[in-house]
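Student: Need a 3D model of the following:
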Amino acid sequence: MNRFVAPCLVVAASCLGACASGEDPSTGFGTSSATATMTSPSTMTSPTEVSTSAPTTGGPGDDMGGGATEPPMPECGDGKVEGDEECDAGGDNDDAGACTAGCRLAVCGDGLVQTGVEACDDGNPDDGDDCTSACEAAGCGDGIVGPGEACDDGNMTDSDDCTNACALAVCGDGIVGPGEACDDGNDDDADACTAMCKSATCGDGALQPNEECDDGNQVDGDACLNTCLNAECGDGAVQAGVEECDDANLSNLDACTVECKNSSCSDGIQSGDETDIDCGGSCKTCNKGKNCAADTDCSTGACVNGSCNLPMNCKQLKSGLPSTPNGVYQIDVDGDGPRMPFDVYCEMTIDGGGWTLVGRSRNTPSAPGCADTDGGGSFGWRAAQGSLADDGNAYALDVAGKAVAFTQVLFGNHAGSKAFAGTIYRHTVVANFVDVHQNTHYYIGEPTAIQGACPNGASMLAWMGFTSNVDSFHMRDVDGNGFGLTASGWRTCYDTCVGGDLNGKPGQIFVR
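Tutor: Alright, predicted model coming up:
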């Protein structure tokens, strides 16, 4: 029995600590055989087996014979940090704690989740799975693109390229992202935000509820205006191929009609500067009864109270139709009044024209002197009413009865026709009339010689007047000689001009 003790002691000495702890001294990992050797005599190895094992010897200086032994092997869990242990909290060692059951300091990536410190630990440094390399549970906003995330920029800003839901910002996601003016989360172009995430505006090509049209251009000459209203006549924009003009008003009295056509003298409406339908203004003259604005608008040469009518005298006819030649024309002295029109002879060339013939003597000269007591020279007088058209007869117009208006008088002799011959004088009526004789208003002054002159430089100082008596018109000189129209007929008496240039010759009188 004793012959096995020494070898066993040797083994025991060399295995002290290691064998006692159940570990293989050559491997450091626990073995059940060592434990069995120490605890079960019935299973001990034979001396032969023990002797063939290499006994553990001490190192230099070891005193095997003196009873010295190696320190015991570190034991994890004994509360002592020994050997290659990083920590040992004894009974508090825990894989969920700071010191693991293997006496290792808990670190992120060790595959163990440290309670209160780590949210997860999958034992790898991959950030693309559910547990980050920082042992945090992967989530949107952590700055790491994890499972189910298209992006993760680590912020809570929805207005950048990555939304708070870790989705790439796109038009239609309901979030106003970079380059978007709006985003209503739908692809409806008929609301305030288009499917392109732009604020709806006129000209974007998308029809909005408040728009009649939207053709996506800035051309006003097509069917849709820049204001997104349908083009129509009167909108001020000329629609190509449809309208000739468009002046944005409802008046025909300009260059563009209400039908958006250029006004013309044959459009069947009063347009442009016309005073009536297709006449007046720059178009042809209007016939009697048509509307007018000026004498030149009328074929009659007279615009009376806004309507084309017969002229009131030859002066108005000359004004309205400047090229009118000498001749017989109808006048209407009161326009639309009760007086009936009548024929007169108009002198249109002498002294500016527009003269109305009111009286002329017969075509035979008379002796000097007048038929009454006035005396003086005479260029003939009318014995009876004659025909206007017959130059061989005398003629007198009922000036007062016909109400011929005038401010000037033209008189002189004639040679059997209505043309003047010899000297012609003109009297001008001014405002300084005075009552002098038989309720007659007279103007005293020297007549102006229009053609010829009195011989020897003599002057003709005369006066003229117009009475309220019917058929009464007077002209006299200051010496009491004169000529005039009385109730019994024309008398044309005047100064003899010291030589009788007009004396005794047929004469005629015009007014204007």
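Student: Quick check: chain neighbours aside, which residue is closest to residue 282?
Tutor: Among residues not flanking residue 282 along the chain, residue 273 sits closest, at 5.5 Å (C-beta to C-beta, 6 or more residues apart in numbering). In this view, the C-beta of every residue, glycine as well, is placed from N, C-alpha and C.
Student: Give me the domain ranges for this protein.
Tutor: 2-66, 349-511 (automatic domain parsing).
Student: rank the ones you listed by pLDDT, which is bottom?
Tutor: Lowest mean pLDDT within these: domain 2-66, at a mean of 38.
Student: Can you show me the helices along this protein?
Tutor: Assigned by DSSP state H, the chain shows helices spanning 5-15, 32-39, 47-52, 314-320, 399-402.
Student: Poorly predicted segments of the stretch 151-300 of the chain, please.
Tutor: For the stretch 151-300 of the chain, no stretch is flagged by pLDDT under 70.
Student: Show me where it has its strands.
Tutor: Taking DSSP state E, counting those that start in this stretch as the test, none of the stretch 151-300 of the chain falls into strands.
Student: who's in contact with stretch 256-265?
Tutor: Residues from elsewhere that reach stretch 256-265 (C-beta atoms under 8 Å, 6 or more residues apart in numbering): 233-234, 238-239, 242-247, 249-252, 254-255, 267, 269, 271-272, 274, 278-279, 282-284.
Student: Mind giving me the ChimeraX command for buried ones among those residues?
Tutor: A single ChimeraX command selects the buried members of the contacts of stretch 256-265 (16 or more other C-beta atoms under 10 Å):
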select :233,238,239,243,246,252,267,269,271,272,274,278,279,283
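Student: measure the spatially closest residue to residue 106 that is not a sequence neighbour to residue 249 for me?
Tutor: Leaving aside its sequence neighbours, residue 106 sits nearest to residue 114 (C-beta to C-beta, 6+ apart; 4.3 Å). Separation of residue 114 from residue 249 (C-beta to C-beta, to the nearest Å): 87 Å.
Student: hang on, the earlier thing: give me the phi and psi angles of the residue nearest to residue 106.
Tutor: Phi and psi for residue 114, reported as degrees, to the nearest 10, are phi -80, psi 120.
Student: For it, which residues are in contact?
Tutor: Residue 114 touches 96, 97, 98, 106, 121, counting by C-beta under 8 Å, 6+ apart.
Student: quick one: it and residue 131, what's the gap?
Tutor: Where residue 131 is concerned, residue 114 sits at a distance of 13 Å (C-beta to C-beta).
Student: Overlap in contacts, the two.
Tutor: By C-beta under 8 Å, 6+ apart, the residues touching both residue 114 and residue 131 are residue 121.
Student: Grab the longest strand from this structure for me.
Tutor: Counting residues, the longest strand found in the chain (DSSP state E) is strand 420-428.
Student: Which of the residues in that strand are classified as buried?
Tutor: Buried residues in strand 420-428, counting neighbours by 16+ other C-beta under 10 Å, are found at 420, 421, 423, 424, 425, 426, 427.
Student: same deal with stretch 163-181?
Tutor: Quick answer for stretch 163-181 (16+ other C-beta under 10 Å): 163, 166, 167, 169, 171, 173, 175, 176, 177, 180.
Student: Could you check how far the first one is from residue 355?
Tutor: Distance, residue 163 to residue 355, using C-beta to C-beta: 99 Å.
Student: ditto for the fifth one
Tutor: Here the distance between residue 171 and residue 355 works out to 89 Å (C-beta to C-beta).
Student: do the same with the third one
Tutor: From residue 167 over to residue 355 the distance is 101 Å, taken as C-beta to C-beta.
Student: for the second one, same thing?
Tutor: As judged by C-beta to C-beta, residue 166 and residue 355 stand 106 Å apart.
Student: what's residue 215 in contact with, if anything?
Tutor: For residue 215, the contact set (C-beta under 8 Å, 6+ apart) comprises 205, 222, 223, 224.
Student: re earlier: which single one of the buried residues of strand 420-428 is nearest to residue 138?
Tutor: Using C-beta to C-beta, residue 426 comes nearest to residue 138 of these, at 119.1 Å.
Student: Is that closest one in contact with residue 448, as I believe?
Tutor: Yes - assessed by C-beta atoms under 8 Å, residue 426 is found in contact with residue 448 at 4.8 Å.
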